[in-house]
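Visitor: 3D, please:
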Amino acid sequence: MATKFRFKAGLVKTPVGTAVFPHLNEPDTKFKEEGEYKVSLALAGDEASNLMSAIDKMQDEALAAFKESSEGKGKKKVGKAKPPYREELDEEDEPTGRTLFSFKSSYKPSIVDSKVKPISPDTKLWGGSEIRVNADVGGWHIPLQGGVGVTMYMKGVQVIKAVGGNSGASDFDEVDGGFVDDGFDVQEESVEQEADY
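Guide: Sure thing, here's the model as predicted:
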């Protein structure tokens, strides 16, 4: 059970990374009926190490604040929950060399392009898109999750390179003299012939 302890740990503005399983246009409702906007951001090398260090420092500050709070005073065994990042593994459970940073929000984040202009709501962002994330980092205490942890609450996303886009239909150019949908009915006979194959 969560305690009432909350701590504003800081802000994060990430370097450019690769979006993994993004739910930025529409919330993911798999685990929460009301849905949740989320994305994992893949980073490697110094960029990953620097962000991990910043998050670890914020989690340490949240732990210290909890120990000084009315809920934490006198508690001797207060640990740290898992941080909001993990090593990325491939299909054979081998490390890829990248770290995945988890961001989430109950609210749709503002999404802008590389020139900081809002993108069209019709533009769908898929995994592989190159993005930056701006987030508030909040501390909390949940004993069943190991103690004091932090969550990165996504506020905004900047898209540097979009993968996905739209339904694909808008990629075509008009063709003169071609088919125009005027609402005709498909012949029953032709449908049955197709089904006989």
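
Visitor: Tell me which helix or strand comes right after the longest helix seen in the chain.
Guide: In the chain, taking DSSP state H as the definition, the longest helix is helix 45-68. Next helix or strand after helix 45-68 toward the C-terminus (DSSP states H and E): strand 85-89.

Visitor: Could you name the helices and strands sitting against the next helix or strand after that next one?
Guide: Next along the chain after strand 85-89, taking DSSP H and E as the criterion, comes strand 95-105. Here strand 95-105 touches strand 17-28, strand 36-44, helix 45-68, strand 85-89, strand 130-142, strand 147-161, going by 3 or more C-beta pairs under 8 Å, 6 or more residues apart in numbering; DSSP states H and E. Heads up, the C-betas are built off the backbone N, CA and C, glycines and all.

Visitor: of the ones you listed, which approaches R6 most closely?
Guide: When the helices and strands packed on strand 95-105 are compared for distance to R6 using C-beta to C-beta, the nearest one is strand 130-142, at 6.1 Å.

Visitor: could you give the angle of the closest one to helix 45-68?
Guide: Strand 130-142 and helix 45-68 are oriented at 20 degrees to each other (axes from the mean of the first three to the mean of the last three C-alpha atoms, to 10 degrees).

Visitor: which parts of strand 130-142 are buried?
Guide: Buried residues in strand 130-142, counting neighbours by 16 or more other C-beta atoms under 10 Å, are found at 130-135, 137-141.

Visitor: Dump the residues you listed to CSV, plus distance to D60.
Guide: Below are these laid out as CSV (distance: C-beta to C-beta, whole Å):
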residue, distance to D60
E130, 31
I131, 27
R132, 25
V133, 22
N134, 22
A135, 18
V137, 12
G138, 15
G139, 10
W140, 14
H141, 14
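
Visitor: right, and the pair among the residues you listed with maximum separation?
Guide: Spanning the widest gap among the buried residues of strand 130-142 are E130 and H141, at 35.1 Å by C-beta to C-beta.

Visitor: looking at the chain, which helix or strand does the model trust least?
Guide: When each helix and strand of the chain is scored by mean pLDDT, DSSP states H and E, helix 188-195 comes last, with a mean of 41.

Visitor: picking up where we left off before, and the helices and strands packed on strand 95-105: which comes nearest V112?
Guide: Closest approach to V112 among the helices and strands packed on strand 95-105 is made by strand 147-161 (5.3 Å; C-beta to C-beta).

Visitor: Also compute the angle for the closest one relative to strand 17-28, please.
Guide: Going by the same axes, to 10 degrees, strand 147-161 is angled at 100 degrees with respect to strand 17-28.

Visitor: report the angle between the axes of strand 147-161 and strand 36-44?
Guide: Here strand 147-161 runs at an angle of 80 degrees relative to strand 36-44 (the same axes, to 10 degrees).
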